[in-house]
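Student: have a look; sequence and predicted model below, questions after that.
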Amino acid sequence: MMNISGLLKSLIKGKSKNEKENQFDDTWHAASSTKLTGAQLRFLSDHNLPLSCTFDATGLRTAEYKSRMKELDKTVAYGVTPCKKYNHRLRTSAGHCIQCNPASIAFITRYYKEGYVYIMSSRDAKAIKVGFSLDTKNRVQQLNTKGYGGASDWKLIYEAKAPEAGRIEHEVHSRLSKYKKDLQHIEWNKLVTCQETFSCSSEFAVAQIKDILKSRGG
Ligand SMILES: [Zn+2]
């Protein structure tokens, strides 16, 4: 005769190490990322919402993605639970269905219209960060308080006010992609890998921003 705890033990024992690892792997992949569907990409494009405004919220609670999206200036969450009415899967950072709330689209579009593309630099991290913000002073403080990328000596090096600053940030990121530097810090008890940190010089990054602004007639 076997009691429940004995049964559990024998079940756990019965699994090979590999099986357990694979199982963990599958769960991790399922919980760690979601891809935007063709229909969602069309919706974003039809409403002039840049991809750089999106945030993969897979496996995160609303309070958690709300906080992380605020820090990153992201406005559209995907990988979320479907809305009750039509099963849409795009939400605002506050958790509202974007497709059922047209007013939220106008808000997001306005939000991405004007802001600052900035460059920050950290000696400790030996890296620069290129981002978009409506309030760069506040952003520097947030980053240092958080210990972003494992450093607390981030300094603002450059900022440019620009229409569609969110899109410009996205373009700079793709230009600098080969210099991407994976820095990490702990946030909400999870290891977070920074998406906006690079190993090139701040001068090079500034030149890229100026070039993009020039090509846009700014
Ligand atoms: Zn909906």
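Tutor: Nice, thanks for sending it over.
Student: so is the most centrally placed residue in the chain in a helix, a strand, or just coil?
Tutor: Nearest to the geometric centre of the chain sits Phe55, at 4.9 Å (C-alpha atoms, centre = their mean). The three-state assignment at Phe55 reads strand, by DSSP: H, G, I helix; E, B strand; the rest coil.
Student: likewise the one 4 residues further on?
Tutor: Here Gly59 takes the coil state, with states given by three-state DSSP.
Student: for it, give its distance to the ion.
Tutor: Distance, Gly59 to the ion, using C-beta to the ion, to the nearest Å: 20 Å. Glycine gets a C-beta too; all of them are placed from N, C-alpha and C.
Student: what is the neighbour count of that residue?
Tutor: Residues contacting Gly59 under the criterion other C-beta atoms under 10 Å number 16.
Student: same question, Ala77
Tutor: That count, for Ala77 with other C-beta under 10 Å as the rule, works out to 27.
Student: can you give me phi and psi for it?
Tutor: Dihedral pair for Ala77: phi -100, psi 140, per degrees, to the nearest 10.
Student: identify the bridge partners of it.
Tutor: Phe55, Arg91 (DSSP bridges).
Student: list the contacts of it.
Tutor: Taking C-beta atoms under 8 Å, 6 or more residues apart in numbering, we find Ala77 in contact with 54-57, 65, 69, 90-93, 95.
Student: in this structure, which spans are helices?
Tutor: Ranges of helices in the chain, per DSSP state H, are 4-14, 17-32, 38-46, 62-72, 102-111, 136-146, 165-175, 202-215.
Student: how distant is the shortest one from the center of its chain?
Tutor: Relative to the mean C-alpha coordinate of its chain, helix 38-46 is positioned 19 Å out (C-alpha atoms, centre = their mean, to the nearest Å).
Student: could you check that helix and say which residues are buried?
Tutor: 40, 43-44 (16 or more other C-beta atoms under 10 Å).
Student: ok, that helix near the ion or not?
Tutor: No. Residues of helix 38-46 are not located near the ion by C-beta under 5 Å from the ion, the shortest gap being 10.9 Å.
Student: does anything pack onto that helix? Which helices or strands?
Tutor: For helix 38-46, the packing partners by 3 or more C-beta pairs under 8 Å, 6 or more residues apart in numbering; DSSP states H and E come out as strand 90-92.
Student: pLDDT on the strand it packs on, on average?
Tutor: Averaging pLDDT along strand 90-92 gives 95.
Student: what is that strand packed up against?
Tutor: helix 38-46, strand 76-78, helix 102-111.
Student: give me the contact list for the longest one.
Tutor: Outside helix 102-111, the residues within contact range by C-beta under 8 Å, 6+ apart are 47-49, 53, 75-76, 92, 96, 98, 134, 166.
Student: give me the distance from it to the chain's centre.
Tutor: 19 Å.
Student: ok, the second one next?
Tutor: Distance, stretch centre to chain centre, for strand 76-78: 10 Å (C-alpha atoms, centre = their mean).
Student: quick one: that strand near the ion?
Tutor: No. Judged by C-beta under 5 Å from the ion, strand 76-78 makes no contact with the ion; its nearest approach is 12.8 Å.
Student: on that earlier part again, what's the residue nearest to the centre of the chain in contact with, if anything?
Tutor: Here Phe55 is in contact with 65, 68-69, 72, 74-78, 93 (C-beta under 8 Å, 6+ apart).
Student: pLDDT at it, what is it?
Tutor: 91.
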